[in-house]
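Trainee: Give the three-dimensional model of this entry:
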Amino acid sequence: MCLKTFIIQNLTNFSISKSFVVKGLYQIVGLLLTITVMVIVWVCEVGVGDVNTETEITVEP
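Mentor: Below you'll find the model as predicted:
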């Protein structure tokens, strides 16, 4: 009986810690996704702007 309760307690503790880990992972993934999206948008804006200015400069002369 003692062994049984010990195993059950460990299982519940493991499931609780697992849910915490999963929540943390989801938060980290969400943060990474938002950061990558922001970086991609910034790079697109800056990169496209650079390309446009370069093409304008090369086309003008």
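
Trainee: What is the burial count for Y26?
Mentor: Using other Cβ atoms under 10 Å as the criterion, Y26 is surrounded by 10 other residues. Glycine gets a C-beta too; all of them are placed from N, C-alpha and C.

Trainee: Quickly find the element holding it.
Mentor: Under the assignment given by DSSP states H and E, the secondary-structure element containing Y26 is helix 2-59.

Trainee: Pull up the gap between the most centrally placed residue in the chain and Y26, please.
Mentor: Note on the chain: the residue nearest the mean C-alpha position is L32, at 2.3 Å, using Cα atoms, centre = their mean. Distance of L32 to Y26, computed by Cβ to Cβ, to the nearest Å: 11 Å.

Trainee: and I28, what does it touch?
Mentor: Residues counted as contacts of I28 (Cβ atoms under 8 Å, 6 or more residues apart in numbering): none.

Trainee: For V22, see how far away it is.
Mentor: I28 sits at a distance of 11 Å from V22 (criterion: Cβ to Cβ).

Trainee: V41 now?
Mentor: Using Cβ to Cβ, V41 is found at 28 Å from V22.

Trainee: okay, and for the protein, where does confidence drop off?
Mentor: Applying pLDDT under 70 to the chain picks out residues 1, 47-61.

Trainee: what comes up buried for stretch 14-29?
Mentor: The neighbour-count criterion (16 or more other Cβ atoms under 10 Å) identifies no buried residues in stretch 14-29.

Trainee: what distance separates it from the middle of the whole chain?
Mentor: For stretch 14-29, the distance between its averaged C-alpha position and the chain's averaged C-alpha position is 14 Å (Cα atoms, centre = their mean, to the nearest Å).

Trainee: Equivalent analysis for stretch 32-51, please.
Mentor: Taking the mean of its C-alpha atoms, stretch 32-51 sits 15 Å from the chain's own mean (Cα atoms, centre = their mean).

Trainee: ok, now stretch 7-26?
Mentor: On the basis of Cα atoms, centre = their mean, stretch 7-26 is displaced by 21 Å from the centre of the chain it belongs to.

Trainee: Ok, stretch 11-31 next?
Mentor: Stretch 11-31 sits 15 Å away from the centroid of its parent chain (Cα atoms, centre = their mean).
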